[in-house]
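1. quick one, structure for this:
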Amino acid sequence: MAGLDPADWTSLRALGHRMLDDMFDRAERAGEGPVWQPMPQAARSDVRNAQLPRQGAALPDVYDRFQSLVAPYPTGNTHPGFMGWVHGGGTMPGMLAEMLSAGLNMNCGGRDHAAVEVERTVIGWAAEMVGMPSNSSGVLVTGSSMANFIAVITASRKADPAFRSRGVGAASLVGYAAATAHGCVARAFDLAGFGTDALRIVPTDAQHRMRADVLAEMIDADRAAGLRPFMVVATAGTVDCGAVDDLQALGSVARDHGLWFHVDAAFAALARLSPTYGPLLDGIEKADSLAFDFHKWAQVPYDCGCILVRDAEAHAAAFAQSLDYLTRAERGLAGNAPWFCDFGPDLSRGFRALKVWMTLQHFGAGGMAEVVDRSCAVARHIEARVLAEPVFELLAPVTLNIVCFSVRDLDDTQVASLIEDLHESGIAAPSTTRIAGRLAIRAAIVNHRTTDRDADRMLDEVLRLAVLRRTVR
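-> Have a look, this model is predicted:
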């Protein structure tokens, strides 16, 4: 062995091909078997109680442990029956791109190499997808939680550049989001040092959208009280029922009051590519910043979030550093500024852009739009069945791909138990949320493999379990 390279490349190649074939087989049979199954206690204990290896093991033996202890017990989001949290189903181009990027092992914090150019291209494509300016800055991150955090930091430092040197102190900055906003927005205010109380919660209308009229009143009231409003956070595709805020109206309020307008479009940004659903996001192109995930509707393997910022100078001013050991040069490997570490907190960054670059090249924007349309069509199918079945009750309007419903005459405890039974059956895996205080069965159709047939299997089993519970009451 030279360093950590293998002594026998031929055997390694054979094992690698076996691994790849196993993953191809798994993807080809993604709809077979249970969506999810609990990890047996024996396997769980085997993983948890393993001691730090003092001597290395043969790679085929390590792979056998993976096959027996890890591979059978995934989240299940590659299965078409997965309808829970908003997880993409993944694709083969994305999987292969992950392998290629790992082989290249490039640090994409900066410097002059091809991966940086690929990521710049992907950021440009992302801006084009939603209609933001071609010179918008951006960076790929772990997910929308980090993207929203970067947006809060950028907006606050645009409001007061001295935060970088003096800290937030008693800044009295406040921002605004609807009650339906993702929890990561409040967490971003917390991590930024403003505290969660600095995020003002704006009430919603019957469509679960932030009320623009109340927002304007709250901004005026906070200013009159001596506070400093600095940003509005709208949501395109709420995490509970998929509602889309009126981005045109909220953007106008933000601009009229001189506030930064941010849109959290974690999954729904991709709907902008659909001629059918794209108009629901009108106004997104006027955002000062936008957060979304390629690992949701774009089906890129985890993880890959994106933050876009209209004002590249403000973005860089919030994060860029001048350090002796990171000096930029005119030529050579230390050239090609600005670097991606100038637009976020990470210096060490993987080659996330490759899987996006390969996925979009292979399927195209049209292919992504078809995924959106098919997902929403399945959601409409579920909605129609829920409305037609007297046992079911629709709890929220269906805007895009999420259907929230419940079972009449069952209390929250019974509904929660029903979902647990459904998960353990392996037939389907929806999640739950609360709508107007009631526990809802939440079917989120994100996986490109999910069809009406998968939806019917889920609904048939929910109906069967519901009838059993109503009978024993």
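
2. what residues of the host helix or strand of residue 189 count as buried?
-> Per DSSP states H and E: residue 189 is located in helix 183-191. Buried residues in helix 183-191, counted by 16 or more other C-beta atoms under 10 Å: 184, 185, 186, 187, 188, 189, 190. Bear in mind the C-beta positions are built from the backbone N, C-alpha and C, glycine included.

3. contacts for the helix or strand that that helix is followed by?
-> Downstream of helix 183-191, the next assigned helix or strand under DSSP H and E is strand 199-202. Residues outside strand 199-202 that contact it (C-beta atoms under 8 Å, 6 or more residues apart in numbering) are 174-179, 181, 185-186, 189, 210-211, 214-215, 218, 222, 233.

4. strands paired with strand 199-202, and their directions?
-> Within its sheet, strand 199-202 is paired with strand 173-178 (parallel), according to DSSP bridges.

5. checking my notes, residue 232 in a strand, right?
-> Yes: according to DSSP: H, G, I helix; E, B strand; the rest coil, residue 232 belongs to a strand.

6. need the contact list for it.
-> Taking C-beta under 8 Å, 6+ apart, we find residue 232 in contact with 175, 176, 177, 215, 250, 253, 254, 259, 260, 261, 262.

7. closest one of these to residue 10?
-> Here the nearest of the contacts of residue 232 to residue 10, counting by C-beta to C-beta, is residue 262; it sits at 53.5 Å.

8. would you verify that that closest one is located in a helix?
-> No: counting by three-state DSSP, residue 262 is not found in a helix; it is strand.

9. pretty sure it sits against residue 287.
-> Yes: counting by C-beta atoms under 8 Å, residue 287 is a contact partner of residue 262 at 6.4 Å.

10. and the buried ones among the contacts of strand 199-202, selectable in PyMOL?
-> The PyMOL selection below is limited to those of those classed as buried (16+ other C-beta under 10 Å):
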select buried, resi 174+175+176+177+178+181+185+186+189+210+211+214+215+218+222+233
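
11. hang on, the earlier thing: overlap of the contact sets of residue 262 and residue 287?
-> Common neighbours of residue 262 and residue 287 (criterion: C-beta under 8 Å, 6+ apart): residue 234.

12. and the helices in the protein?
-> For the chain, the helices defined by DSSP state H cover 9-28, 41-48, 59-69, 92-104, 114-130, 144-159, 163-166, 183-191, 212-224, 247-256, 312-319, 353-388, 412-425, 452-472.

13. and the third one, what does it pack against?
-> Spelled out, that is helix 59-69. Judged by 3 or more C-beta pairs under 8 Å, 6 or more residues apart in numbering; DSSP states H and E, helix 59-69 is in contact with helix 9-28, helix 41-48.

14. how is the chain carved up into domains?
-> Following automatic domain parsing, the chain resolves into domains at 97-360, 367-472.

15. lowest average pLDDT across the helices of the chain?
-> Sorting those by mean pLDDT places helix 163-166 lowest, at a mean of 88.

16. next, the buried residues of it.
-> For helix 163-166, the neighbour count (16+ other C-beta under 10 Å) marks residue 163 as buried.

17. for the closest residue to residue 245 other than its chain neighbours, name its beta-bridge partners.
-> With sequence-adjacent residues excluded and distances taken as C-beta to C-beta, 6 or more residues apart in numbering, residue 245 is closest to residue 234, at 4.3 Å. On DSSP bridges, the residues paired with residue 234 through beta bridges are residue 263.

18. these two touch, right, residue 234 and residue 248?
-> No: counting by C-beta under 8 Å, no contact exists between residue 234 and residue 248, whose distance comes to 10.1 Å.

19. count the neighbours of residue 374 for me.
-> Residue 374: 17 surrounding residues under other C-beta atoms under 10 Å.

20. quick one: it and residue 448 touch, right?
-> Yes: Residue 374 lies in contact with residue 448 (C-beta under 8 Å); the separation is 7.2 Å.

21. how many residues are close by residue 77?
-> Residue 77 has 21 neighbours, counted by other C-beta under 10 Å.

22. find the nearest non-adjacent residue to residue 349, please.
-> residue 108 is the one closest to residue 349 (C-beta to C-beta, 6+ apart), at 4.4 Å.

23. count of neighbours near the one you found?
-> Residue 108: 24 neighbours (other C-beta under 10 Å).

24. and it, how close does it get to residue 251?
-> Per C-beta to C-beta, to the nearest Å, residue 108 is found 32 Å from residue 251.

25. now do residue 343
-> To residue 251, residue 343 is 23 Å away according to C-beta to C-beta.

26. what of residue 76?
-> From residue 76 to residue 251 the distance is 38 Å (C-beta to C-beta).

27. neighbour count winner among the two?
-> Neighbour totals were compared for residue 76 and residue 251, and residue 251 leads with 24 against 21 (other C-beta under 10 Å).

28. can I get the domains of the chain in CSV with distance to residue 67?
-> Below are these laid out as CSV (distance: least, C-beta to C-beta, whole Å):
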stretch, distance to residue 67
domain 97-360, 18
domain 367-472, 19
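
29. out of these, flag the one nearest residue 39.
-> Between residue 39 and these, the shortest separation by C-beta to C-beta is 12.4 Å, and it involves domain 367-472.

30. quick one, what contacts residue 401?
-> Residue 401 touches 242, 267, 372, 375, 376, 378, 379, 444, 445, 446, counting by C-beta under 8 Å, 6+ apart.

31. contacts only, for the residue nearest the centre of the chain.
-> Centroid check for the chain by C-alpha atoms, centre = their mean gives residue 293 as the closest residue, at 4.1 Å. Counting by C-beta under 8 Å, 6+ apart, residue 293 makes contact with 143, 144, 147, 266, 267, 304, 305, 306.

32. over to residue 225?
-> Residue 225 neighbours (C-beta under 8 Å, 6+ apart): none.

33. doesn't residue 449 make contact with residue 30?
-> Yes: using C-beta under 8 Å, residue 30 is in contact with residue 449, at 5.9 Å.

34. any common contacting residues for these two?
-> 78, 79, 80, 89.

35. can you check the pLDDT for the third one?
-> At residue 80, the model reports a pLDDT of 97.

36. what about it, distance to residue 447?
-> Distance of residue 80 to residue 447, computed by C-beta to C-beta: 6 Å.

37. who has more neighbours out of those two?
-> Using other C-beta under 10 Å as the criterion, residue 80 and residue 447 rank with residue 447 on top: 27 against 21.

38. which residues does that one contact?
-> 77, 78, 79, 80, 82, 83, 87, 88, 89, 375.

39. closest one of the contacts of residue 232 to residue 38?
-> Using C-beta to C-beta, the contacts of residue 232 come closest to residue 38 at residue 177, 35.9 Å.

40. not counting sequence-adjacent ones, nearest residue to the closest one?
-> Using C-beta to C-beta, 6+ apart, the closest residue to residue 177 is residue 233 (4.1 Å).

41. just residue 24 next, same as before
-> Counting by C-beta to C-beta, 6+ apart, residue 92 is the residue found nearest to residue 24 once chain neighbours are left out, at 7.4 Å.
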